[in-house]
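>>> Take a look and give me a structure for this.
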Amino acid sequence: MSSVLETFMGTVDMEIRALEKVKESIGPPYELAVRKILDSKGKVITTGIGKSGHIARKIAATLSSTGTPAVFLHPAEALHGDLGLAQKEDVVLAISKSGESEELNETVFALKKQGLYIMALTAREKSTLADLCDLLLYTPIEREACPLDLAPTSSTTVALVLGDALAMTLMKLRNFQSEDFARNHPAGSLGRRLLYRVEDVMIASPKCPILRPEHSRFVDVLSALSTYGLGIVLFSQDGEHLAGILTDGDIRRLVEKYGRDVFEVEIPAVMNKNFLYTTVGERAIDVLQFMEKREKPLNVLPVLNQDKRFMGLVRLHELVRIG
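Take a look at the predicted model:
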């Protein structure tokens, strides 16, 4: 193995060992931290300076997206007015390997004076931060993975993993489900898959070709099919309840069957009265899978409400487009 790969793998090994050692130290204080946050009526304020600050910011983001409201507070900004975001019901998670970061400790001191509960994630049991906090989450880091034992590496990895563990534990205890996650990520693919309903993507009934079957000729069906370009023509006596449909596939089959005589067929006799449909409230992803997984995939599907009234059409390519 080359010296480059030896260094590379050595760094990974050192961080793994750091995690293994910290894993052995996890005990009652960590459970208390979870319970304290779970019982809190406020939010979690994460704070840290330098690389620990970056980790604290990420932990706040993970907590917020998984059901635990959280915000990152930069110590420097906190001491110049941002302490105003803190409320007495909030819980603080301060992160520092040494526990001796001056700006962080000043911020923690100020938050403690406001009556907030302070939890500290630090590798130094005897430090200013450890003395200030109400709950110490000890992370026994022997050395950084940095060859000089200077650059935060093992310590930030440990803090990040413990932050993830905290968020995932809270997520499970809150019974936070995929639908809840999607609501916090509406712009992502998961949000679209879980939040979109057929009524969100359907073409509303006023924009759909609806004909009265007994008053329609085959040429009228062709005209509606061409004018609307939706690949389907719908038939209704009252404009609300569907009596049948004809898709472009149905029309091709009729032409093959009747030839030139197709223009003489009576629409009530040839329209599809036993058509498939979906209903409002159905998840778009479920409808997409229903349309795709048939032996002959459906390109368009009527949407009815619970009273069987026609509401609109949902098309396969629109469902695919939104992901």
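>>> burial of Leu93, as a residue count?
29 (other C-beta atoms under 10 Å). Using the backbone N, CA and C atoms, a C-beta is placed for each residue, glycine as well.
>>> how close does it get to Ile45?
For Leu93, the distance to Ile45 equals 7 Å [C-beta to C-beta, to the nearest Å].
>>> pLDDT weak spots in the stretch 51-200 of the chain?
Where the stretch 51-200 of the chain drops to pLDDT under 70, the residues are 180-194.
>>> could you pull out the strands for it?
70-73, 91-95, 117-122, 135-138 (DSSP state E, counting those that start in this stretch).
>>> Which residues are in contact with the residue nearest to Phe176 when sequence neighbours are not counted?
Excluding the flanking residues, the one nearest Phe176 by C-beta to C-beta, 6 or more residues apart in numbering is Gly67, at 3.9 Å. Neighbouring residues of Gly67 by C-beta atoms under 8 Å, 6 or more residues apart in numbering: Leu170, Met171, Arg174, Phe176, Asp180.
>>> Now the phi/psi pair for the third one, please.
It refers to Arg174. With angles defined as degrees, to the nearest 10, Arg174 sits at phi -80, psi 0.
>>> Might one say that Tyr117 is in contact with Val92?
Yes. Shown here, Tyr117 and Val92 form a contact pair, counting by C-beta atoms under 8 Å, at 6.7 Å.
>>> Looking only at residue counts, what's the top helix in the protein?
Looking across the chain with DSSP state H, the single longest helix is helix 3-25.
>>> Can you report how many residues lie near Asn299?
Asn299 has 15 neighbours, counted by other C-beta under 10 Å.
>>> Neighbours of Leu104, how many?
29.
>>> do the same with the one 3 residues further on
Number of residues near Thr107 (other C-beta under 10 Å) recorded here: 27.
>>> One more: His241?
Applying other C-beta under 10 Å, we find 12 residues neighbouring His241.
>>> separation between it and Asp307?
When C-beta to C-beta is the yardstick, His241 and Asp307 sit 9 Å from each other.
>>> Overlap of the contact sets of those two?
Shared contacts of His241 and Asp307, defined by C-beta under 8 Å, 6+ apart, are not found at any residue.
>>> for the contacts of Gly67, which one is nearest Ala78?
Leu170 (23.8 Å; C-beta to C-beta).
>>> Next up, the contacts around the closest one.
Applying C-beta under 8 Å, 6+ apart, the residues near Leu170 are Val34, Ile37, Leu38, Leu63, Thr66, Gly67, Thr68.
>>> How about the fifth one: what's its closest non-neighbour residue?
It stands for Thr66. Leaving aside its chain neighbours, Thr66 sits nearest to Met171 (4.3 Å; criterion: C-beta to C-beta, 6+ apart).
>>> And the last one, by the same measure?
Spatially, and ignoring its direct neighbours in sequence, Thr68 is nearest to Leu170 (4.9 Å; C-beta to C-beta, 6+ apart).
>>> how near is that neighbour to Ala70?
Here Leu170 is placed at a distance of 10 Å from Ala70 (C-beta to C-beta).
>>> what is in contact with these two at once?
Common neighbours of Leu170 and Ala70 (criterion: C-beta under 8 Å, 6+ apart): Leu63.
>>> okay if I get the contacts of Leu170 as CSV plus distance to Lys207?
CSV is the format used below for the contacts of Leu170 (distance: C-beta to C-beta, whole Å):
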residue, distance to Lys207
Val34, 52
Ile37, 49
Leu38, 49
Leu63, 44
Thr66, 40
Gly67, 39
Thr68, 43
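>>> Return the member of those residues nearest to Glu214.
Closest approach between these and Glu214, by C-beta to C-beta: Gly67, at 56.3 Å.
>>> From Thr46, how far out is that closest one?
Using C-beta to C-beta, we find Gly67 at a distance of 16 Å from Thr46.
>>> got it, and Glu282?
Distance of Glu282 to Thr46, given as C-beta to C-beta: 40 Å.
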